[in-house]
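1. how would this look folded up:
(one chain, ligands or ions: 1)
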Amino acid sequence: MKIAIMGYGTIGSGVKEVLDMNRAQIEKKGGEGIEIKYILARKEHIPGVEDALVTTDFSVIENDPEVELVVESIGGIHPAYEYIKSCLEKGKHVVSSNKAVVDACGSKLIRTAKEHNCNFYFEASVGGGIPVIRTLYHNYAGENVTEITGILNGTTNFILTKMREEGSSFEDTLKEAQRLGYAERDPSADIDGFDTSRKTAILLSMTSGNRCRHEDIYTEGIRNVSDIDMAYAKALGYSIKLLGSVQTVEDKYFAYVAPMMVEEQDPLYPVNGVYNGIRIVGNCLGTTMLYGMGAGKLPTASAVVSDIIAAVRHKNNFQGIGWSDKMIEIEPMGGNAFRYFLRIEGTEEGIEKELKSYFVENGKVKVHVLPGRKDEFAIISDILFEEDFLARLSAFEDETGRRVFHYLRVNSASEE
Ligand SMILES: NC(=O)c1ccc[n+]([C@@H]2O[C@H](COP(=O)([O-])OP(=O)(O)OC[C@H]3O[C@@H](n4cnc5c(N)ncnc54)[C@H](OP(=O)(O)O)[C@@H]3O)[C@@H](O)[C@H]2O)c1
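-> You can find the predicted model right below:
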């Protein structure tokens, strides 16, 4: 099969490297040879690549009937969307690693692929090298998936892991991550949670079989996680992780992205550094955990190559991985229930009654004080609906005159 690679950066060049490295096995598994006919770039010369392969003109690829598959690793929505669409309209299979285009235009592209009896694959768009899309499509085909919760962004997990290990502040750790090349100069997409929210939207679309908008997912990043929060987490046996989560309860869909306290029994707890982890819960299978490199040149390119092999195997039929055009509604954040970790000003003296009536109606209030921090204490609340919790928080501050410095939701896998 002759293929083209559009966008020859980290992932595009990684795809060529994986194809070269594992050629014999890839051809055996796919059943035929794979030859790169074109590489689409913005400049005519790419160091280490034969000039004959490089084109700056998309129409050369689009109009060459010999090209049966196109890899899109340009990133962003435009012109990636237009290029993918016109390749599919010409009956060419497309493999994309681009979460932005899959999240924003996935259902349109899947429909176009269906109309032209070819495939649009996007395994690498969520979890990089971790095979989550195909796992949901094949292995969970007979399951009612009730929950997917994941650490889906390596940059934020690297920062949070370092903060925990070194006791450093968010700002200092971000600077170090930028210096080491783990965070972008403009880190907003990662640390404000938008990258995770796009991936969470793709996972919700995969499980529901319908379209959703990542803009409708409550999204909170990690900017407000402090070294003090982290010190409490450590003392209480939690780690703090940026989680993207989707839940299905009967015909209702819940989804959010937020930094959360993760308890030690949770399989996401030991997922550290740039690694990603995805916990999937099905009604028959129970809990499965996927773990691995959620980004990086060769891990992500490996997922792209697995899609290329799938396209060779399904050369003449539309496989149907994806979701419909129908839009689903995501329930408001207030309808989710959590335990909350709260850092409260002062000592508990004089407000025991209020602590019980607002946050810990069942059982004894357990107060945690960090050595050397006499000006505040922490508690973990009962399980409360977010809407109710926010109302109680505001009433508590009004009644006691005490500030709640910060709160974090607790992800309790064992209680679900
Ligand atoms: N890097 C990862 O670990 C990773 C993991 C999972 C998914 N992804 C996704 O994979 C995609 C690619 O990421 P990347 O890290 O490989 O990005 P990258 O290193 O910036 O590569 C993108 C390449 O596309 C080229 N390009 C941009 N516009 C183009 C156009 N109009 N025509 C032809 N080429 C064009 C760029 O060329 P210039 O050099 O001229 O700008 C660059 O070489 C993104 O959607 C990303 O989210 C990346």
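
2. which ones are touching the residue of the stretch 1-150 of the chain found nearest the ligand?
-> Using Cβ to the nearest ligand atom, the closest approach of the stretch 1-150 of the chain to the ligand is made by residue 9 at 1.8 Å. In this view, the C-beta of every residue, glycine as well, is placed from N, C-alpha and C. With contacts taken as Cβ atoms under 8 Å, 6 or more residues apart in numbering, residue 9 has the following neighbours: 73, 75.

3. distance of it from residue 75?
-> As for residue 9, its distance to residue 75 is 8 Å (criterion: Cβ to Cβ, to the nearest Å).

4. residues near the closest residue to residue 188 other than its chain neighbours, how many?
-> Closest residue to residue 188 apart from its sequence neighbours, by Cβ to Cβ, 6 or more residues apart in numbering: residue 194 at 7.2 Å. Using other Cβ atoms under 10 Å, residue 194 has 19 neighbouring residues.

5. for residue 194, which residues are in contact?
-> With contacts defined as Cβ under 8 Å, 6+ apart, the neighbours of residue 194 are 188, 214, 219, 221.

6. quick check: the gap between the first one and residue 385.
-> To tie it back to what came earlier, the one meant is residue 188. Distance of residue 188 to residue 385, computed by Cβ to Cβ: 30 Å.

7. cool, and the third one?
-> Separation of residue 219 from residue 385 (Cβ to Cβ): 19 Å.

8. just to be sure, residue 87 is in a strand?
-> No. With DSSP: H, G, I helix; E, B strand; the rest coil as the criterion, residue 87 is helix rather than part of a strand.

9. need the next SSE after the helix or strand hosting residue 26, C-terminal direction.
-> Using DSSP states H and E, the secondary-structure element containing residue 26 is helix 23-30. Read in the C-terminal direction, the helix or strand following helix 23-30 is strand 35-40, with elements assigned using DSSP H and E.

10. tell me what the following helix or strand past that next one is packed against?
-> Scanning the chain past strand 35-40 towards its C-terminal end, the next helix or strand to appear is strand 54-55 (assignment: DSSP H and E). Applying 3 or more Cβ pairs under 8 Å, 6 or more residues apart in numbering; DSSP states H and E, one finds that strand 54-55 makes contact with strand 35-40.

11. name the SS class of the closest residue to residue 409 other than its chain neighbours, please.
-> Distances taken as Cβ to Cβ, 6+ apart place residue 338 nearest to residue 409, at 4.1 Å, with adjacent residues excluded. For residue 338, the reduced secondary structure class is strand; criterion used: three-state DSSP.

12. same deal with the one 5 residues further on?
-> When classified by three-state DSSP, residue 343 comes out as strand.

13. roughly how far apart are the residue of the stretch 251-400 of the chain found nearest the ligand and residue 128?
-> Closest to the ligand within the stretch 251-400 of the chain is residue 295: 3.3 Å, counting by Cβ to the nearest ligand atom. Taking Cβ to Cβ as the measure, residue 295 falls 4 Å from residue 128.

14. which of these two has more neighbours?
-> residue 128 (28 against 23).
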